[in-house]
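Enquirer: Pasting the sequence and the predicted coordinates here, then a few questions.
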Amino acid sequence: MAQFELTFLGTGTSTGIPMIGCRCGVCTSPDPRDKRDRASVFVRTPEQCWVVDTGPDFRHQCLRAGIDHLDAVLITHSHTDHIMGFDDLRRFTFDADGLIPVYAEPGTMNVLRHVFDFAFNGQNRYPGYLKPEPHEITGPFTLGGTTVTPIPVKHGKVSTLGFRFDRPGMDGVAYLPDCKLIPMESMALLEDIGVLIIDALRHSGHPTHLSVSEALAVAEDTRAKAVWFTHLSHDLAHGQLEAELPPHIRIAYDGMTLGFG
């Protein structure tokens, strides 16, 4: 297998695509790449595998991708489209002593503890129940042979995390699904990045997400060798947008897998 394999479980914005009640050209598109679950990725390495975010579509994303084991869960932030499938992690903690390590920055972990108190309070450690093991992110950490570096970004008024993944002999891979502004100190963490996966919501401006032109500017500043746009709205048709982009910048779609090493 590849040393690092990343599968896009979802590439859509908070409404999902098609959006309920919408008959626009993208929501009714016959192109399967225009059907987008809430944003999430699954990473597999020879030592461990993990997901980033557990949105409302998490159960069927796992079934579609054939995920039957997880060693960890990373959460970017606590908005509902990124955490509301959290209880479906119970399938990975069925044993009485089964635990799933959950990584999030302290503020996000506090929200998880509140929303999913039944799982975190220690009173429901039964077979078949969700049993998270909290790990508050305060700096880089490792998952198997992968170094994970948190990348703080601004998502409107909310601070959220992206993640950079590095392994020996592999160009770094960065995943930033929800951002509007990348501070200078975070841009420094993207130096020499090989693959940048970044928020590109729509063409017009938005108060909490990068537009396509803004995402293109970030991609140019990072000098990433390859760029994949994600967290797309129904304003963007896959085929049309991809035809307008430089060759090294492509559009991610649900179910696609990137392999490295």
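Expert: All right, it came through fine.
Enquirer: Walking through this structure, point out its helices one by one.
Expert: Assigned by DSSP state H, the helices in the chain fall at 58-65, 80-83, 106-115, 117-120, 184-189, 212-222, 238-244.
Enquirer: Who are the packing partners of the third one?
Expert: For helix 106-115, the contact count by 3 or more C-beta pairs under 8 Å, 6 or more residues apart in numbering; DSSP states H and E identifies helix 80-83, strand 100-104, strand 132-136 as packing neighbours. (Glycine included, C-beta is placed from N, CA and C.)
Enquirer: which of the residues in the last one are buried?
Expert: Across strand 132-136, burial judged by 16 or more other C-beta atoms under 10 Å covers Pro132.
Enquirer: go on, stretch 254-261?
Expert: For stretch 254-261, by 16+ other C-beta under 10 Å, it's Asp254, Gly255, Leu258, Phe260.
Enquirer: Flag whichever of the residues you listed scores worst on pLDDT.
Expert: Taking pLDDT as the measure, the buried residues of stretch 254-261 have their low point at Phe260 (90).
Enquirer: can you map out the strands along the stretch 1-150 of the chain?
Expert: Along the stretch 1-150 of the chain, counting by DSSP state E, counting those that start in this stretch, strands occupy 4-10, 40-44, 49-52, 72-74, 100-104, 132-136, 141-143, 146-155.
Enquirer: Nearest to Met84, out of those strands?
Expert: Proximity to Met84 (C-beta to C-beta) singles out strand 40-44 among these, at 11.4 Å.
Enquirer: Could you export that closest one as PDB, CA atoms only?
Expert: Provided in PDB are the C-alpha atoms of strand 40-44 (Å, rounded to 0.1, in the frame of the first residue of the first chain):
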ATOM      1  CA  SER A  40     -14.300  15.000   5.800                       C
ATOM      2  CA  VAL A  41     -11.300  12.900   4.900                       C
ATOM      3  CA  PHE A  42     -10.000   9.400   5.800                       C
ATOM      4  CA  VAL A  43      -6.200   8.800   6.000                       C
ATOM      5  CA  ARG A  44      -4.600   5.400   5.900                       C
END
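Enquirer: Good, wrapping up.
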